[in-house]
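> here is the input, now give the coordinates:
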Amino acid sequence: MVLFMSLLAIFILYSAQSESVFNIKIVFALLGFLFIGLGNYLPTLRPNYFIGIKTPWTLESETVWKATHQLAGKLWFFGGASLTLLVLILPVENSFGVFMTGVAILALVPTVFSYVRFKALK
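Numbering: from 1, shown residues only. Below is the predicted model:
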């Protein structure tokens, strides 16, 4: 993860210096691959305070933690793949909006799901 983030930071700095428009699409595609990788990893996480979807509801209930991470793993894997493809296919002008909308969905759905699941258990 550290190596991936370091390479991404170097690529972003290079892109900013060269002012290339195409490079931003590559950055978004790389971030999409990061979501794919995290989507594969999330379902295997045990409850902890360091990595994962750490809402008050997931931290309080192991059942909610497991259900949330199972959903988020699938969502992030397929969402990351979709974002990667969309960003590479769409024009540069639309890539930023599509990517940010996708990331917002990938963040909000597991959060809302964990809250609803927690309330259903209570």
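
> when you work out contacts or count neighbours from here on, use the C-alpha atoms and nothing else.
Will do.

> the helix or strand where residue 93 lies: which residues count as buried?
If you go by DSSP states H and E, residue 93 is part of helix 92-121. Judged by neighbour count (16 or more other CA atoms under 10 Å), helix 92-121 contains these buried residues: 95-96, 99, 102-103, 106, 110-111, 113-115, 117-118.

> include pLDDT and distance to residue 1 when you put the residues you listed into TSV, please.
Written out in TSV, the entries for these read as follows (pLDDT from 0 to 100; distance: CA to CA, whole Å):
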residue	pLDDT	distance to residue 1
95	90	24
96	90	23
99	95	21
102	97	21
103	97	19
106	97	19
110	97	22
111	97	23
113	98	26
114	97	26
115	97	28
117	97	30
118	97	30
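
> now distance to residue 18 too, for these, in JSON lines please.
As requested, these are arranged in JSON lines below (distance: CA to CA, whole Å):
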{"residue": "95", "distance to residue 18": "19"}
{"residue": "96", "distance to residue 18": "19"}
{"residue": "99", "distance to residue 18": "22"}
{"residue": "102", "distance to residue 18": "27"}
{"residue": "103", "distance to residue 18": "26"}
{"residue": "106", "distance to residue 18": "31"}
{"residue": "110", "distance to residue 18": "37"}
{"residue": "111", "distance to residue 18": "38"}
{"residue": "113", "distance to residue 18": "42"}
{"residue": "114", "distance to residue 18": "42"}
{"residue": "115", "distance to residue 18": "44"}
{"residue": "117", "distance to residue 18": "47"}
{"residue": "118", "distance to residue 18": "48"}
